[in-house]
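J.: Okay, sequence plus prediction incoming.
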Amino acid sequence: MDQSMPHTVDSLASDLRALGLAAGDVVLVHSSYRSLGFVAGGTQAVVQALLAAVGPDGTLVVPTHTPDNTDPAGWRHPPVPEAWWPVIRERTPGFDPARTPSRYMGVLAETVRTWPGALRSDHPQVSFAALGRHAVEVVAGHPLDDALGERSPLGAVYRLAGKVLLLGCGYDSNTSLHLAEYRQAAPPRAATGSSLRQPDGTSRWATWVDVVTDESDFDRLGADFDATGQATTGRVGGATARLMPQPALVDHATAWMAAHRH
């Protein structure tokens, strides 16, 4: 059994500052809470540590995606019977930033999403939540057909010279790399769909065309970015963490994809 002392708000904030997170930073966090080890106060303590590290002028951003509000025709893990597709499209409650929980994003992201004062973008598939000074700027105006592009929260983090923190997870979870996909000369596009909540509370299935994303080479791309020396690696609690400037990451990934993807 691990006999080390529990991690606390203060110890985690100290670890984050040692890694390079600073007052006033805009930081997009991808996390595996379990990787941190025992934390006194659980996810609440981790969020408080992140907010302490960036201070009152900083901004904390997390992905709050909802991949279960997508077209069931494309589901593979697992697939559902074709006979179910019309029922899912017609009966899934429309995405509501206040009510719809994220899925597969981790318990830390859900803690941020429900934190007092948190704001959430209104994309029905790939929303983000933000807390802090630039929260409105990060989440406002998230269009259906630019889900992870320039007009998305990822684009806002880029313009704000933000950072990406990978807390116990790898580059395969690094959504900022999708912004580089949108910057390619002719990225593949396809129709997609979701259930949208209407002003009167009813739901409507909508379809649109957007970029098709692909994470299959993100680990390889990330290893190449690590080799540039622009990502800082260290320990936060019990987790291996990486902190990197998001614009440098996206610029590197944009050039890398142009050279390596065909």
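T.: Nice, I can see it.
J.: neighbours around the closest residue to Tyr171 other than its chain neighbours, how many?
T.: Distances taken as Cβ to Cβ, 6 or more residues apart in numbering put Gly222 closest to Tyr171, at 2.7 Å, once the chain neighbours are dropped. Where you see a C-beta, it was placed from the backbone N, CA and C, and this is true even at glycine. Using other Cβ atoms under 10 Å, Gly222 has 24 neighbouring residues.
J.: what's the answer for Asp68, then?
T.: 16.
J.: Return the residues in contact with it.
T.: By Cβ atoms under 8 Å, 6 or more residues apart in numbering, Asp68 lies in contact with Arg103.
J.: any idea how far Thr100 is from it?
T.: 9 Å (Cβ to Cβ, to the nearest Å).
J.: same deal with Ala13?
T.: Taking Cβ to Cβ, one finds Ala13 at 30 Å from Thr100.
J.: try Ala239
T.: Ala239 is 28 Å from Thr100, by Cβ to Cβ.
J.: swap in Met257?
T.: Relative to Thr100, and taking Cβ to Cβ, Met257 is found at 31 Å.
J.: The two: who's more crowded?
T.: Thr100 (21 against 18).
J.: So the more buried one, which state does it fall into?
T.: Judged by DSSP: H, G, I helix; E, B strand; the rest coil, the three-state class of Thr100 is coil.
J.: Please give me every residue in contact with the nearest residue to it once chain neighbours are set aside.
T.: Excluding the flanking residues, the one nearest Thr100 by Cβ to Cβ, 6+ apart is Thr66, at 5.8 Å. Thr66 makes contact with 95, 100-103, 124-127, according to Cβ under 8 Å, 6+ apart.
J.: Just the buried ones out of the residues you listed, please.
T.: 95, 100, 102, 124-127 (16 or more other Cβ atoms under 10 Å).
J.: Secondary structure added to these, as TSV?
T.: What follows is the buried ones among the contacts of Thr66, written out as TSV (three-state DSSP):
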residue	secondary structure
Phe95	strand
Thr100	coil
Ser102	coil
Pro124	coil
Gln125	coil
Val126	coil
Ser127	coil
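J.: which one among the residues you listed gets closest to Gly24?
T.: Nearest to Gly24 among those is Ser127, at 24.6 Å by Cβ to Cβ.
J.: just the contacts of Thr66 now: which is nearest Leu167?
T.: Among the contacts of Thr66, and counting by Cβ to Cβ, the member closest to Leu167 is Ser102, at 16.1 Å.
J.: Quick check, that closest one in contact with Glu110.
T.: Yes: the pair Ser102 / Glu110 is scored as a contact, 5.8 Å apart, by Cβ atoms under 8 Å.
J.: who touches both of those two?
T.: Joint contacts of Ser102 and Glu110 (Cβ under 8 Å, 6+ apart) are Thr64.
J.: Tell me the predicted confidence for the closest residue to Pro143 other than its chain neighbours.
T.: Spatial nearest neighbour of Pro143, chain neighbours left out: Arg151 (5.4 Å); criterion: Cβ to Cβ, 6+ apart. pLDDT recorded at Arg151 is 98.
J.: Please give me every residue in contact with Arg151.
T.: 141-143.
J.: longest single helix anywhere in this structure?
T.: helix 246-260 (DSSP state H).
J.: is the spatially most central residue of the chain in a bridge, and if so with what?
T.: For the chain, the residue sitting closest to the mean C-alpha position, by Cα atoms, centre = their mean, is Pro63 at 2.8 Å. Judged by DSSP bridges, the bridge partners of Pro63 are Phe128.
J.: Would you mind measuring the gap between the ends of stretch 178-192?
T.: One end of stretch 178-192 sits 17 Å from the other (Cα to Cα, to the nearest Å).
J.: which parts of it are buried?
T.: Going by 16+ other Cβ under 10 Å, stretch 178-192 has these buried residues: 178-183, 187, 192.
J.: can I get the CA coordinates of stretch 137-148 in PDB?
T.: Backbone C-alpha positions of stretch 137-148 (Å, rounded to 0.1, in the frame of the first residue of the first chain) are rendered in PDB as follows:
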ATOM      1  CA  GLU A 137     -14.600  34.900 -24.700                       C
ATOM      2  CA  VAL A 138     -13.700  31.200 -24.800                       C
ATOM      3  CA  VAL A 139     -17.200  29.700 -25.000                       C
ATOM      4  CA  ALA A 140     -19.200  32.300 -27.000                       C
ATOM      5  CA  GLY A 141     -20.300  31.700 -30.500                       C
ATOM      6  CA  HIS A 142     -19.500  28.000 -31.000                       C
ATOM      7  CA  PRO A 143     -20.900  27.200 -34.500                       C
ATOM      8  CA  LEU A 144     -22.100  23.800 -35.500                       C
ATOM      9  CA  ASP A 145     -20.000  23.600 -38.600                       C
ATOM     10  CA  ASP A 146     -16.700  24.800 -37.100                       C
ATOM     11  CA  ALA A 147     -16.800  22.400 -34.100                       C
ATOM     12  CA  LEU A 148     -13.000  22.400 -33.400                       C
END
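J.: Noted, bye for now.
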